[in-house]
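Visitor: How does the following fold in three dimensions:
(4 chains)
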4 protein chains.
Amino acid sequence: MDPRFPTGQFVFDPTPTPEKRRDAIAAIAAFPAELKVAMATARMDQPYREGGWTARQVVHHVADSHMNAFVRFRLALTEDRPTIKPYNEAEWAKLADTKLDPAISAQILDGLHQRWHVMLLAMSEADFSREAIHPDHGPRSIDWFLQLYAWHGRHHIGHLKLTAAA
Amino acid sequence: MDPRFPTGQFVFDPTPTPEKRRDAIAAIAAFPAELKVAMATARMDQPYREGGWTARQVVHHVADSHMNAFVRFRLALTEDRPTIKPYNEAEWAKLADTKLDPAISAQILDGLHQRWHVMLLAMSEADFSREAIHPDHGPRSIDWFLQLYAWHGRHHIGHLKLTAAA
Amino acid sequence: MDPRFPTGQFVFDPTPTPEKRRDAIAAIAAFPAELKVAMATARMDQPYREGGWTARQVVHHVADSHMNAFVRFRLALTEDRPTIKPYNEAEWAKLADTKLDPAISAQILDGLHQRWHVMLLAMSEADFSREAIHPDHGPRSIDWFLQLYAWHGRHHIGHLKLTAAA
Amino acid sequence: MDPRFPTGQFVFDPTPTPEKRRDAIAAIAAFPAELKVAMATARMDQPYREGGWTARQVVHHVADSHMNAFVRFRLALTEDRPTIKPYNEAEWAKLADTKLDPAISAQILDGLHQRWHVMLLAMSEADFSREAIHPDHGPRSIDWFLQLYAWHGRHHIGHLKLTAAA
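Guide: As a prediction, this is how the structure comes out:
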């Protein structure tokens, strides 16, 4: 197993069944509890691979990433094909607050995913085709973002598990 | 008193003393506890003024706004004069999750302001002059954003108090 | 669509992939928020079909059912092939408390599914093969119960939606 | 005082006066609020006696126990002398979810006791003599179960108070 991709690389399904979409939405709901279980055995100052982030940085990164994701969903839902702002995740993970107790970011994620889940449950069929423009990669649908972040949470939980096993 | 601006309108001080900057940073730290006190007596489904947001919408808006703010600070600290992405706060405040228990957003803000505060405390003197570009209003320094959000939290706490008094 | 089975009848997959099992566990986590969304538009005193339960009875039934389910999982995890006790769901749905505000049962389910989800996340691979004996139907594995209740929640949410559309 | 029985051991009154029965029913109604008061000063990770459960385990146990109790009342009301299923409370109290925030089980109990109380208030005089069969102890009347669980809630609130005093 490639430790960079413990759950495999992200693969987008452009024609998701209702069940697939429903499962991706449920993954957003389930994530905070899955995270807490993985955090219970993670070694917070252990890198998940040689030269990689520590478990602590991983948790803070997920909060950074999912706050940006939440912003992107809301932009796509309230504007006509907005251009989103990427961010430098490597530099963000070096800022001073990423040394804090990761429970602080778990708390942010707990509330954030509750709001995100309810926002998703209220979306119409057509809303899933709404798009945001990534300045480098071009247009991406909400279906794409949904599948990406359902994958992304488990991807980093895989990293946390590697620090427990290390 | 104009109920739209219970603490007065925002005024930027372009040459803050160290004390003024320190107080603005302390306001970021103090906000979650101040919010909880104001929420204890707010009437959550009461608009703070005729035609205005309910207290519930105000709390969810502050979480929306301060997540965007946190992103802007991090962009300004890790990129060279990045252009930030505005958002349509009126439309965001109508999304389905803004009907949730406002304690959910208070929980997000509690963790978020802890990280924000520690990020601010670690900044150098020079960092406060770093800039981000607002696409409509032009360049804004971190000092400007810091003073703005120190004001912004209390501004909306003022709205919450109006729903208790109404 | 047969209104008795708005999401189709339950079909057990005896050899679930890790992804299928993970999605069924996530469905347990996601259910309380899905329920609240469906309750927001359900007409509580409207039967979901001619001669069927009202939406109110459906919600109280789900609490009855999922409390029994939680008991069955715990029995299967802590005893060697225990025989479980069925119950008469039709008679239970006529008891006086099923006329109460369905928000009361939604509150029970909210806490119950949090505990259930964390119990599931802590299970070993082997635990999913543990069995309980239904006195009429014979042995059933935890995998069977898990898939059943992941389906069961959405099954009844389908009924609630029918009362909104009726 | 024996810390195992802070309110004394359970004693069944086989010929309860109407006042005694009424008080036992009121104890079911009053329990969630009494629990919250006791939780406010309990030390959640403190065992209530040497080698005993922590306060946290006590609260989760009460939810486990009273969900089973609610099931037993409903079985006795809807079947003719059903045989109930005991459970291994010591093993249940070790499952992973008993490490969760005890507020989650308090929330379950809050809704559960509301339903239980209304179910009890709707019962006829004759219903209190209906029986369920415990596989080890033989037949028990609803009057017996009612007195038992009225005692049981306060019994464990006594344990919570011991963790505050410890």
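Visitor: Quick check: closest non-adjacent residue to residue A:31.
Guide: residue A:153 (4.2 Å; CB to CB, 6 or more residues apart in numbering or on different chains). For every residue, glycine as well, the C-beta is placed using N, CA and C.
Visitor: residue contacts, the one you found?
Guide: Shown in contact with residue A:153 (CB atoms under 8 Å, 6 or more residues apart in numbering or on different chains): A:27, A:28, A:31, A:34, A:35, A:62, A:66.
Visitor: what distance separates the helix or strand encompassing the second one from the centre of its chain?
Guide: In other words, residue A:28. Assigned by DSSP states H and E, residue A:28 belongs to helix A:18-41. How far helix A:18-41 lies from its chain's middle: 10 Å, per CA atoms, centre = their mean, to the nearest Å.
Visitor: Taking helix C:18-41 as reference, get the angle to it.
Guide: 110 degrees (axes from the mean of the first three to the mean of the last three CA atoms, to 10 degrees).
Visitor: For helix A:18-41, which helices and strands make contact with it?
Guide: The contact analysis (3 or more CB pairs under 8 Å, 6 or more residues apart in numbering or on different chains; DSSP states H and E) places helix A:18-41 against helix A:55-78, helix A:102-121, helix A:142-165, helix C:18-41, helix C:102-121.
Visitor: Dump the ones you listed into a markdown table; add distance to residue C:96 as well.
Guide: Output for those, formatted as a markdown table (distance: least, CB to CB, whole Å):
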| stretch | distance to residue C:96 |
| --- | --- |
| helix A:55-78 | 43 |
| helix A:102-121 | 32 |
| helix A:142-165 | 42 |
| helix C:18-41 | 21 |
| helix C:102-121 | 13 |
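Visitor: Would you format those helices as JSON lines with mean pLDDT included?
Guide: Shown next, in JSON lines, are the helices and strands packed on helix A:18-41 (pLDDT from 0 to 100):
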{"stretch": "helix A:55-78", "mean pLDDT": "98"}
{"stretch": "helix A:102-121", "mean pLDDT": "98"}
{"stretch": "helix A:142-165", "mean pLDDT": "96"}
{"stretch": "helix C:18-41", "mean pLDDT": "96"}
{"stretch": "helix C:102-121", "mean pLDDT": "98"}
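Visitor: can you tell me which of the ones you listed comes nearest to residue B:142?
Guide: For the helices and strands packed on helix A:18-41, proximity to residue B:142 was assessed by CB to CB; helix A:55-78 is nearest, at 17.8 Å.
Visitor: what's the next helix or strand after the closest one packed up against?
Guide: Per DSSP H and E, the first helix or strand lying C-terminal to helix A:55-78 is helix A:89-92. The elements that helix A:89-92 packs onto, with contact taken as 3+ CB pairs under 8 Å, 6+ apart, are helix A:55-78, helix B:55-78.
Visitor: pLDDT of helix A:89-92, averaged?
Guide: Helix A:89-92 shows a mean pLDDT of 98.
Visitor: can you list contacts of it?
Guide: Taking CB under 8 Å, 6+ apart as the rule, helix A:89-92 contacts A:61, A:64, A:65, A:98, B:74, B:77, B:78, B:79.
Visitor: repeat that for 7 Å
Guide: For helix A:89-92, contacts defined as CB atoms under 7 Å, 6 or more residues apart in numbering or on different chains pick out A:61, A:64, A:65, B:74, B:78.
Visitor: what would the helices and strands packed on helix A:89-92 look like in CSV with mean neighbour count and distance to chain C?
Guide: Compiled in CSV, those are given as follows (neighbours: other CB atoms under 10 Å in any protein chain shown; distance: least, CB to the nearest CB, whole Å):
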stretch, mean neighbour count, distance to chain C
helix A:55-78, 23, 15
helix B:55-78, 23, 15
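Visitor: will you turn these into JSON lines that also has distance to residue D:135?
Guide: Formatted as JSON lines, those follow (distance: least, CB to CB, whole Å):
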{"stretch": "helix A:55-78", "distance to residue D:135": "47"}
{"stretch": "helix B:55-78", "distance to residue D:135": "51"}
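Visitor: would residue A:132 count as being in a helix?
Guide: No. Under DSSP: H, G, I helix; E, B strand; the rest coil, residue A:132 sits outside any helix and is assigned strand.
Visitor: quick one: the spatially closest residue to it that is not a sequence neighbour from residue A:20, how far?
Guide: Of all residues not flanking residue A:132 in the chain, residue A:76 sits nearest, at 4.3 Å (CB to CB, 6+ apart). For residue A:76, the distance to residue A:20 equals 19 Å [CB to CB, to the nearest Å].
Visitor: likewise residue A:60?
Guide: Distance from residue A:60 to residue A:20, counting by CB to CB: 30 Å.
Visitor: what's around the closest residue to residue A:83 other than its chain neighbours, how many residues?
Guide: Using CB to CB, 6+ apart and skipping the chain neighbours, the partner closest in space to residue A:83 is residue A:133 (4.5 Å). Counted with other CB atoms under 10 Å in any protein chain shown, residues neighbouring residue A:133 total 15.
Visitor: And the one 5 residues further on, by the same measure?
Guide: Taking other CB under 10 Å as the neighbour definition, residue A:138 ends up with a count of 8.
Visitor: what does the one 3 residues further on give?
Guide: Using other CB under 10 Å as the criterion, residue A:141 is surrounded by 17 other residues.
Visitor: repeat for residue A:81
Guide: Using other CB under 10 Å, residue A:81 has 11 neighbouring residues.
Visitor: Settle this for me: it is touching residue A:138, isn't it.
Guide: No. Contact status for residue A:81 versus residue A:138: not in contact, 10.8 Å apart, counting by CB atoms under 7 Å.
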